[in-house]
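Engineer: Fold the following and give me the result.
(one chain, ligands or ions: 1)
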Amino acid sequence: MTPAISNIMWSSGRSEAALEAALPVPIEIRPLRTAKRLRLRFDEASGALLLTCPWRTSRRAALAWALDQRDWIEAQLALAEPGEPFEPGATISFEGEEIRIVWDASAPRTPRLDNGELRVGGPEDGVARRIELFLKRHALDTMSREVAEFAAAAGVAAASVSVGDAGSRWGSCSSRGRIRLSWRLILAPPNVRRYVVAHEVAHLVHLDHSPKFKALEARLFGPGLAEAKTALRRIGPRLRRIGRRR
Ligand SMILES: [Zn+2]
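Structural biologist: All right, here's what the predicted structure looks like:
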């Protein structure tokens, strides 16, 4: 989520070991005389991160920077695992509930939620695409309403709300008030989704992660913010796998 300074603030006063433990996989830090900036790579074969950095970078600064790339790291981890494609018989998470995809060629093409099932008709080769469109539309409707709700509480308005799947971030807010959210948040339990929405709406007022920002974020979301944040970390990898072809 933008701007990405939250982990650097989090990291102040914490030991190198604590920073390293907060990363989901082992990391190898390699200072190079030729390096001009920090660079992170995920090695699928070893399952470890390789960070190269300029010669004088402290281990602590390198770890804090790596922690700041946590969304990117999680996206790489998710890509290294098989996807959970939208196909007949598969079970996906929708607003935190497990629902089964039921395909019947003679049923209406537009997917429809019915009693714990997502029913979809039409030709089988378009099933995955129709389900993704259905989820994106649902994500946009739901989160547009929530942005409006939180923005009203903050006394501001967003310039626009859109959903997408670009990059590794769950959400972003531009300095011009454009909020962009991952459609995958509709797969998550509502409190997780609402936490990301509240976070981005708070950026309409404060474009940083200052104490004022945090106070507003907490006021907008209400109780349970830390739990929602932790839940996103835990389920994030699966959210990224759902709907991806193998
Ligand atoms: Zn942020």
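Engineer: Thought Glu117 was touching Phe94, still the case?
Structural biologist: No: taking contacts as Cβ atoms under 8 Å, Phe94 lies outside contact range of Glu117: 10.4 Å. Heads up, the C-betas are built off the backbone N, CA and C, glycines and all.
Engineer: more neighbours, those two?
Structural biologist: Shown here are Phe94 and Glu117; by other Cβ atoms under 10 Å, Phe94 has more neighbours (18 against 13).
Engineer: Please tell me how far that one sits from Ala62.
Structural biologist: 39 Å (Cβ to Cβ, to the nearest Å).
Engineer: can you list the residues that contact stretch 211-223?
Structural biologist: 150, 153-154, 194-195, 198-199, 201-203, 205-206, 225, 228 (Cβ atoms under 8 Å, 6 or more residues apart in numbering).
Engineer: Spell out for me the ChimeraX command that would select the buried members of those residues.
Structural biologist: With 16 or more other Cβ atoms under 10 Å as the criterion, this ChimeraX line picks the buried residues out of the contacts of stretch 211-223:
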select :150,154,194,195,198,199,201,202,203,205,206,225,228
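Engineer: tell me which of the contacts of stretch 211-223 is nearest to Leu51?
Structural biologist: Minimum distance to Leu51 across those is 26.5 Å, recorded for His199 (Cβ to Cβ).
Engineer: Show me what the helix or strand containing the closest one packs onto, helices and strands only.
Structural biologist: Applying DSSP states H and E as the criterion places His199 in helix 190-205. Packing partners of helix 190-205 (3 or more Cβ pairs under 8 Å, 6 or more residues apart in numbering; DSSP states H and E): helix 127-154, strand 171-173, strand 178-182, helix 211-221, helix 225-241.
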